[in-house]
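>>> Dropping a prediction and its sequence here:
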Amino acid sequence: IGRVESGLPTSTGTAWESSVFTSETAYRYLRFMVTETNTNRKGEGVEHNYWHMSEFGLSKAIPAPPCTVVYNYKQNGELIGSVSHATVVGSEYPDLISAYGVTVNDTKRTGTVTGDEEIDIDVTIGEMPFEYYEDYAAVEEANGWYNLIMHSNWNTGNGTARYRTYLSHNESGSTLAWGTERSLTNPSDAHYWAFVGNPINGFRVVNKATGAEKVLSSNGTTNPLMLQEATLANGYNTTWQIANRKYNVSTEGDYIREGAWFCLKYPGSNNYINANAGNGNVAFWSDNDNGSGILAVKPLTINAEADIATFYTDNYVKMPSTLGAEVYYATEVVNSDYIHLEQITGEVIPAQTGVVVKYAVESNVVYAPEITSQGTTTAVEGNLLKGTTKRTLISKDANKSYYVLGMTDGVGFYNAVNGTNEDEFYNGAFKAYLELPAAQGTAAFYGFDWNGTTGVEKVEIGNEKSEIYDLTGRRVEEITEPGIYIVGGKKVLVK
């Protein structure tokens, strides 16, 4: 716990008192050892150190003063999260954080702690597998809800593994229900989850059906449940760490993109949430190789007024023929102000492919699709539709033109802007946008050319008194033949 190398007495009868040594550990025994003296004495022909001490005493132990070191982790000067460390004066500085998606650009300070201190640590936050929010109210405002897919290779009693099925909250209690559904139509609030927190301090996992008062919690060994945060017992957590794992089965790895899948870890342990395929419970395994992979996805929403939506995901998605939806990708501009859409055959949408989904419905439909394996699906080449899995601010390239799906004056692609700023735009999570070379993207609006049938997607004429014009600007009293007309300020395709 200490070493004295100078200042010791050199003459007989001299009293000497050391400086105070402190230790973070309490010891029952103390060894006092002489390693070198300044007087050598020869005895029997051999040099040896000679040292004499008549009295030796220990004063009452003086505990090191307690103090707190706070690390403020910042990215580009903006605070991401703070971690407080209780320590004592004279100890080494605490270690810096090691967390999923966080690159620490500073090093731990050398020397010892002298008292209470706040230290700014520069970090870079990498790509996270989901969007996260400051509090529950921010989730609601941004509609930051996800459907969560869990993956396990643990077979049930009949030998069937539950691959990639949706997680929900059991609304009759606090338990989680890991069902057998690989897709969902109009999922209930119990199927919607969100993440509150940050990569430094961890994430609270909340559910739309249980509201702001309950969080996913466990004591590290019991099955995770949705519990009242205000009355949690000692040892029960409110936040979870993200673990850098994609999946736990190697035989179906071709549907998974690096970084898209993750695991949830109980803080400070090696316990990872795992799905029990035998009974549908969500439990723990103390091995992150077997922690169940989790994928956060946004559902596809079809607006009944338009019967059209855009969609994008990093994974392979199955749109079964029984659903009745048609899926298209964009290939080129035709007739100056139309985008040619080519239909994708088969039921699987290739990974990282922006698409337009055409789905005739009587009322709005929310569809959480099945994540599937690649199979024989091949990538789409020459697709003009791009996409993002998070709400993303995209800065425009001067050599390109950008468009997003809209319904202002007919359903089609409109020039993408961010309010009055035409140099950037936001693309929604799991949405596709149209990207054209600037030389081609000269129109403010593009209609759809469906497999060679040029036109603007339908707009219902709700007011019989709406003024009607043809494309030459001539007013028409009544539509008597097929063609494109302007009805109530909107383009309408009459077949």
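Everything's here; your move.
>>> Look up how far residue 145 lies from the nearest residue to residue 326 once chain neighbours are set aside.
Once flanking residues are discounted, residue 326 sits nearest to residue 358: 4.4 Å by Cβ to Cβ, 6 or more residues apart in numbering. Glycine gets a C-beta too; all of them are placed from N, C-alpha and C. According to Cβ to Cβ, to the nearest Å, residue 358 stands 25 Å off from residue 145.
>>> And residue 242, by the same measure?
18 Å.
>>> which of these two has more neighbours?
Under the criterion of other Cβ atoms under 10 Å, the comparison of residue 242 against residue 145 puts residue 242 first, with 22 against 19.
>>> Help me confirm that the more buried one comes into contact with residue 126.
No - Residue 242 is beyond contact range of residue 126, at 11.2 Å (criterion: Cβ atoms under 8 Å).
>>> Please give the element, helix or strand, for residue 137.
Using DSSP states H and E, residue 137 sits in helix 136-142.
>>> how about that helix: buried residues?
Burial within helix 136-142, assessed by neighbour count using 16 or more other Cβ atoms under 10 Å, is assigned to 136, 139.
>>> I'd like the average pLDDT over that helix.
For helix 136-142, the mean per-residue pLDDT is 96.
>>> Show me what that helix is packed up against.
Judged by 3 or more Cβ pairs under 8 Å, 6 or more residues apart in numbering; DSSP states H and E, helix 136-142 is in contact with strand 193-198.
>>> Flag the shaky bits of the stretch 201-350 of the chain, pLDDT-wise.
Residues of the stretch 201-350 of the chain meeting the criterion pLDDT under 70: 244-259, 276-280, 286-291.
>>> Return the distance of the residue minimising distance to the centre of the chain relative to residue 398.
For the chain, the residue nearest the mean C-alpha position is residue 130 (2.2 Å; Cα atoms, centre = their mean). Going from residue 130 to residue 398 by Cβ to Cβ gives 32 Å.
>>> swap in residue 283?
Distance, residue 283 to residue 398, by Cβ to Cβ: 53 Å.
>>> now do residue 320
Per Cβ to Cβ, residue 320 is found 42 Å from residue 398.
>>> Would you mind telling me which of the two has the busier surroundings?
For residue 320 versus residue 398, neighbours defined as other Cβ under 10 Å are more numerous around residue 320 (13 against 7).
>>> got the contact list for the residue lying closest to the more buried one once chain neighbours are set aside?
Leaving aside its chain neighbours, residue 320 sits nearest to residue 347 (5.6 Å; criterion: Cβ to Cβ, 6+ apart). By Cβ atoms under 8 Å, 6 or more residues apart in numbering, the contact set of residue 347 is 318-321.
>>> can you check residue 312 too?
Taking Cβ under 8 Å, 6+ apart as the criterion, residue 312 is in contact with 352-355, 385-389, 430-432.
>>> so how far is residue 272 from it?
According to Cβ to Cβ, residue 312 stands 29 Å off from residue 272.
>>> Residue 3: neighbouring residues, count only.
7.
>>> quick one: it from residue 19, how far?
Applying Cβ to Cβ, the value for residue 3 to residue 19 is 11 Å.
>>> List phi and psi for residue 190.
phi -60, psi -20 (degrees, to the nearest 10).
>>> my guess is it contacts residue 169, does it?
Yes - in this structure residue 190 lies within contact range of residue 169 using Cβ under 8 Å: 4.4 Å.
>>> Where does the prediction get shaky in the stretch 1-150 of the chain?
Across the stretch 1-150 of the chain, the ranges flagged by pLDDT under 70 are 22-62.
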